[in-house]
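>>> generate a structure from the sequence data that follows.
(one chain, ligands or ions: 1)
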Amino acid sequence: MSIHKFPQDFKWGVATASYQIEGAYNEDGRGMSIWDTFAHTPGKVKNGDNGNVACDSYHRVEEDVQLLKDLGVKVYRFSVSWPRVLPSGRGEVNQAGLDYYHRLVDALVANGIEPFCTLYHWDLPQALQDEGGWGSRGTIDAFAEYAELMFNEFKGKIKHWITFNEPWCMAFLSNYLGVHAPGNKDLQLAIDVSHHLLVAHGKAVKRFRELGIPGEIGIAPNTAWAVPYRNTEEDIEACLRIYGWSGDWYLDPIYFGEYPKFMLEWYEKLGYKPPVVAGDMDIIRQPIDFIGINYYTSSMNRYNPGEAGGMLSSEAVSLGVAKTDIGWEIYAEGLYQLLRYTADKYGNPNLYITENGACYNDGLEQGGRIHDQRRIDYLAMHLIQASRAIEDGINLKGYMEWSLMDNFEWAEGYGMRFGLVHVDYDTLVRTKKDSYYWYKGVISRNWFER
Ligand SMILES: OC[C@H]1NNC[C@@H](O)[C@@H]1O
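The predicted structure is shown next:
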């Protein structure tokens, strides 16, 4: 057994997202989002699940903040539902929507928990989608207007801001693979969406600086990690394209003012390229204060130009390791390697692990306890790698576990559970799992033995 320690000011937290937990989808003036439309479309989400009620967190601020307080977290990462505060995406403000987030933020601050706010975690106002959504340049300025509203409204209360959660999901999972809302299958559109969201990110950061908002701002890509099947140039490049797709494609424009050459050339070979307009790359290149790393799993990849390799000619070969209940391979070493790669490539910036967690569908047992030992093991394995990264000189400043509670897992619906707290979706009763108590101990000690 060995002891794994963390710095004194390490920001321990948990994460959630608006559409996944809030519910109240048509209450108090909230406008429709693309996820309401998508989830209400038969066949898009397993079991026909949707976020109409979710965890009903909209009506349970005090209860959920008490869960956070009992857990002992330093920060709480949540996201804002854009259509709850701007029902049409721009223009008229819904005060009741802003009031909800004031209730949440005030309760967090009153309990000594720092709000960590994600401006966009996928619930685009449907009204903007009707005008082309992220495929249209018009959405860029709509996002900048929304961001400015939130900056001014919560100036001094919220000091940690994330513009976008997982831009790869916003662009490719949603517009090339068609798995998430709005469900398109168009590679050029996905590349357009990537570019427009990057410009929107840059404009929001620029306004954040111009307005003199106190605090820090960053972005949270879901950078995947891949291990080469053979130690050959072809297989290594096949891996570079995997994390180039979800990480470098977004971080290079922000840090270097240009798209990664190897990915640009790959897309151009296929006949695609980003719709860059003069001045865009300078806007995107606004300095940011941190990168959020969302990490769950890795893959082992090899070059394969055939169907198994897909658009990137990069075929995933099983790592042969245990999988979580959602089928993702458990590879904690990948977290360290990803942190190392990110630190080395982008000048050792401040990093937060803004999401890491595991799907295990353990249910309530006799006596009302939930013995999710597999989740404890997963978290311990990954926290060892986080501690290792810090000892290796990487500026990892915090860890936000995904997720505080079971919630709406997008196209998987409610069947996949990531929470430290179990949610009974019939009664909405919250039950702390064994992993909640384990994580509470880690936070309070700031170290753990394994
Ligand atoms: O799949 C688990 C999580 N991954 N990152 C984005 C979150 O919204 C998901 O629930």
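>>> okay, now Glu210: neighbour count?
10 (other Cβ atoms under 10 Å). For the C-beta atoms, the positions are set from N, CA and C on the backbone; glycine is no exception.
>>> how about the contacts made by it?
Listed by Cβ atoms under 8 Å, 6 or more residues apart in numbering, the contact set of Glu210 is empty.
>>> how about a cut-off of 10 Å?
148, 151 (Cβ atoms under 10 Å, 6 or more residues apart in numbering).
>>> His4 too?
380, 383-388, 390-391, 442, 447-450.
>>> can you redo those as a markdown table with pLDDT?
Converted to a markdown table, those look like this (pLDDT from 0 to 100):
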| residue | pLDDT |
| --- | --- |
| Ala380 | 98 |
| Leu383 | 98 |
| Ile384 | 98 |
| Gln385 | 98 |
| Ala386 | 98 |
| Ser387 | 98 |
| Arg388 | 98 |
| Ile390 | 98 |
| Glu391 | 98 |
| Val442 | 98 |
| Trp447 | 98 |
| Phe448 | 97 |
| Glu449 | 97 |
| Arg450 | 96 |
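>>> most neighbours of all the residues you listed, which one?
Going by other Cβ under 10 Å, Ala386 tops the contacts of His4 with 26 neighbours.
>>> thought that residue was touching Leu338?
No: counting by Cβ atoms under 10 Å, Ala386 does not reach Leu338; the two are 11.0 Å apart.
>>> overlap in contacts of the two?
Counting by Cβ under 10 Å, 6+ apart, the residues touching both Ala386 and Leu338 are 293, 295, 351, 353.
>>> so how many other residues sit close to the second one?
Looking back up the chat, that one is Tyr295. 25.
>>> with the first one instead?
The tally of other residues near Ile293 (other Cβ under 10 Å) stands at 23.
>>> who does the residue nearest to the spatial centre of the chain bridge with?
Compute the mean C-alpha point of the chain, and by Cα atoms, centre = their mean the closest residue is Asn165, 4.0 Å away. Beta-bridge partners of Asn165, counted by DSSP bridges, are Ala220.
>>> where's it relative to the ligand, distance?
Distance of Asn165 to the ligand, given as Cβ to the nearest ligand atom, to the nearest Å: 6 Å.
>>> mind listing what's buried in stretch 134-151?
Of the residues in stretch 134-151, 134-135, 137, 139-140, 142-151 count as buried by neighbour count, 16 or more other Cβ atoms under 10 Å.
>>> contacts only, for Tyr267.
187-188, 191, 249, 259, 273-274, 311-312.
>>> mark which of these are buried, thanks.
For these, buried by 16+ other Cβ under 10 Å: 187-188, 191, 249, 259, 274, 311-312.
>>> how far off centre is stretch 9-22?
10 Å (Cα atoms, centre = their mean, to the nearest Å).
>>> just the C-alphas of it, formatted as CSV.
Presented in CSV, the C-alpha positions along stretch 9-22 are these (Å, rounded to 0.1, in the frame of the first residue of the first chain):
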residue,chain,number,x,y,z
ASP,A,9,-5.0,24.2,-2.0
PHE,A,10,-6.1,21.4,-4.4
LYS,A,11,-9.7,22.1,-5.5
TRP,A,12,-11.7,19.0,-4.9
GLY,A,13,-15.2,19.0,-6.5
VAL,A,14,-17.9,17.3,-8.4
ALA,A,15,-19.6,18.1,-11.7
THR,A,16,-23.1,18.1,-13.2
ALA,A,17,-24.8,19.7,-16.2
SER,A,18,-28.1,21.6,-16.6
TYR,A,19,-30.0,19.4,-19.0
GLN,A,20,-28.9,16.2,-17.1
ILE,A,21,-30.2,17.2,-13.6
GLU,A,22,-32.5,20.3,-13.6
